[in-house]
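# predicted model and sequence follow; I will ask about them next.
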Amino acid sequence: DTGVSQDPRHKITKRGQNVTFRCDPISEHNRLYWYRQTLGQGPEFLTYFQNEAQLEKSRLLSDRFSAERPKGSFSTLEIQRTEQGDSAMYLCASSLLTGDNEKLFFGSGTQLSVL
Amino acid sequence: KQEVTQIPAALSVPEGENLVLNCSFTDSAIYNLQWFRQDPGKGLTSLLLIQSSQREQTSGRLNASLDKSSGRSTLYIAASQPGDSATYLCAVRGVLAAGNNRKLIWGLGTSLAVNP
């Protein structure tokens, strides 16, 4: 298994443009998370899926953000009408939930720069 | 409300030194605690996960301990090497929230520099 992969690694865009990121989790993992991280901060929870169901979305997430996991495998995160404040590292993580405990495995992230 | 604090925020040590990174949390009702490593501009690598019923976990030169009653975890790195230079974050899995998601609460990390 190659772990969690994210694409692209880097994205530079102009303010107002739409961007889409992809995450491929570890194949047998049923949970998939999206986080955002800015310099010097811990990861900030955005949303998560159990299989194809999106079970929670952070209240901090504006309507410009949408995520999908159509077949319970890969996921996409789209940001519409990007703003400079969206510049951050977007991290995807997956896990296999067993009982009450789960261990998260992270991808390398997508670094977004909005000019 | 669970809060996670990591001290020190930054640490610089000479190669070969044994060192301890600290993580404290305010609510002892946790499910597990996980230590991660993050290299600059990169994602997070899971190092060790300690279940709430465990006291410690070891992997190679790393040893993580957990004392739920005092709200503390330590990450011990033996015989540090320049390749250990990175930011180390701890994350506590806490209370049950919406959608059966036990939220991860993160510390801000300790930035470690091991000098050759």
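Good, I have the coordinates. Numbers count the residues shown, from 1 in each chain, chains lettered A, B, ... in the order given.
# run through chain A and note the low-pLDDT ranges.
Where chain A drops to pLDDT under 70, the residues are A:1, A:99-101.
# which residues of it lie near chain B?
Taking Cβ under 8 Å from any Cβ of the partner chain as the contact definition, chain A meets chain B at A:4, A:6, A:40-43, A:45, A:48, A:50, A:55-56, A:89, A:91, A:93, A:100-109, A:111. Where C-beta positions appear, they are placed from N, C-alpha and C, glycine not excepted.
# so which of those sit within strands?
A:Gln6, A:Phe45, A:Tyr48, A:Gln50, A:Leu55, A:Glu56, A:Met89, A:Leu91, A:Ala93, A:Phe105, A:Phe106, A:Gln111 (DSSP state E).
# wait, which of these is closest to chain B?
Chain B has its nearest neighbour among those in A:Leu55, at 3.1 Å by Cβ to the nearest Cβ.
# my guess is the closest one contacts A:Phe45, does it?
No: the criterion here is Cβ atoms under 8 Å, and A:Leu55 misses it with A:Phe45 at 11.9 Å.
# OK, contacts around the residue nearest to A:Leu60 when sequence neighbours are not counted?
Closest residue to A:Leu60 apart from its sequence neighbours, by Cβ to Cβ, 6 or more residues apart in numbering or on different chains: A:Glu44 at 7.2 Å. Neighbour list for A:Glu44: A:Tyr35, A:Arg36, A:Gln37, A:Thr38, A:Ser58, A:Leu60 [criterion: Cβ atoms under 8 Å, 6 or more residues apart in numbering or on different chains].
# for A:Ala53, see how far away A:Glu44 is.
The gap separating A:Glu44 from A:Ala53 is 22 Å, by Cβ to Cβ, to the nearest Å.
# and if you look at A:Thr82?
Using Cβ to Cβ, A:Thr82 is found at 27 Å from A:Ala53.
# give me the mean pLDDT for stretch B:58-68.
For stretch B:58-68, the mean pLDDT works out to 96.
# excluding its own residues, what touches that stretch? List them.
Contact partners of stretch B:58-68, identified using Cβ under 8 Å, 6+ apart, comprise B:28, B:30, B:33, B:35, B:47-48, B:50, B:52, B:54-57, B:72-79.
# among those, which lie within strands?
If you go by DSSP E, the contacts of stretch B:58-68 have B:33, B:35, B:47-48, B:50, B:56-57, B:72-77 in strands.
# show me which of these are buried.
The neighbour count (16 or more other Cβ atoms under 10 Å in any protein chain shown) marks B:Leu33, B:Trp35, B:Leu47, B:Leu48, B:Ile50, B:Gln57, B:Arg72, B:Ser73, B:Thr74, B:Leu75, B:Ile77 as buried among the ones in strands among the contacts of stretch B:58-68.
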